[in-house]
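J.: Model the following, please.
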Amino acid sequence: MRSRVAILIAAAIIASVLAAGCTSSTQNTSQSASSTTHDPVLQAVINDDLQAYNNASWVRTLNQTIQWINATNAMVTYKVGGTNVSLTYTAQYTKFASASDASNYISSINQGYNGTTTQQLLYDPVLTTASSGNTHQSYLSVANSPPSTFSYIKMPGEQPTYFSPASYIIQVGDVVTTFNATLQQTS
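T.: The predicted model follows:
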């Protein structure tokens, strides 16, 4: 009888140790996931894009949702409303180890895209706001130097127009942003 009691007590102790081990393991996993830090340069590029939209004369409303994938990748859904127009798109932001790595990545994905200048973007509010109209103040405060920026667009026609869909690639230093967007006319 004593041996059965001893076995039951030993089994109960082992079971409680195993259960406690499982509980603490789960808690540690959730703590490490919540303590993930975001790359400061990537966060600065996202902040600058939001600020550019906030400062744009045609923007009347701006909502954004940031989903951090990991420390160097994020997706941001922008919902921008202007006078008789709206724009909703999800941008994928990726931070590379260097501007050279970012440029090499763009070279591998930019088939069919055209490099753009500020003049070409004069009538394209998406890139004018997100690229050429951006002062990059958050980036400057983190990196202590202005970024080199490049914009690429793929569109159905030869010139960007207000309401034609287009695919965009924007490089800000070592961060690459990719997205598809169409400006919608609202009634």
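J.: ok, which stretches of the protein are strands?
T.: 59-70, 73-82, 85-95, 114-115, 149-154, 166-172, 175-181, 183-185 (DSSP state E).
J.: how near is residue 47 to residue 186?
T.: As judged by C-beta to C-beta, to the nearest Å, residue 47 and residue 186 stand 27 Å apart. Backbone N, C-alpha and C define where each C-beta goes, glycine included.
J.: Please say which of these two ends up with more neighbours.
T.: Each of residue 47 and residue 186 has its neighbours counted (other C-beta atoms under 10 Å); residue 47 has more, 16 against 9.
J.: can you tell me which residues contact the residue lying closest to the more buried one once chain neighbours are set aside?
T.: Distances taken as C-beta to C-beta, 6 or more residues apart in numbering put residue 138 closest to residue 47, at 4.2 Å, once the chain neighbours are dropped. Listed by C-beta atoms under 8 Å, 6 or more residues apart in numbering, the contact set of residue 138 reads 43-45, 47-48, 51.
J.: Which of those sits closest to residue 147?
T.: residue 45 (8.0 Å; C-beta to C-beta).
J.: So, low pLDDT: which residues of this structure?
T.: Scanning the chain for pLDDT under 70 picks out 1-36, 117-133, 157-163, 187.
J.: at 90 what do you get?
T.: 1-37, 49-64, 78-89, 110-136, 146-168, 180-187 (pLDDT under 90).
J.: Domains in it, by residue range?
T.: The chain resolves into domains spanning 1-35, 40-185 when parsed by automatic domain parsing.
J.: So which of the strands of the chain is nearest residue 39?
T.: strand 85-95 (4.8 Å).
J.: Please point out which parts of that closest one sit buried.
T.: Going by neighbour count (16 or more other C-beta atoms under 10 Å), the buried part of strand 85-95 is 85, 87, 89, 91, 93-95.
J.: Show residues contacting that strand.
T.: Strand 85-95 has contacts (C-beta under 8 Å, 6+ apart) with 39, 41-42, 45-46, 49, 58, 72-81, 102, 105, 125-126, 162, 174-186.
J.: Recalculate using a threshold of 7 Å.
T.: Strand 85-95 has contacts (C-beta atoms under 7 Å, 6 or more residues apart in numbering) with 39, 41-42, 45-46, 72-80, 126, 174-181, 183-186.
J.: are any of these buried, and which?
T.: Buried among those (16+ other C-beta under 10 Å): 39, 41-42, 45-46, 72, 74, 76, 78, 80, 126, 174-179, 181, 183.
J.: quick one, phi psi at residue 113?
T.: With angles defined as degrees, to the nearest 10, residue 113 sits at phi -90, psi 150.
J.: Leaving out sequence neighbours, find the closest residue to it.
T.: According to C-beta to C-beta, 6+ apart, the nearest residue to residue 113 is residue 152 (4.0 Å).
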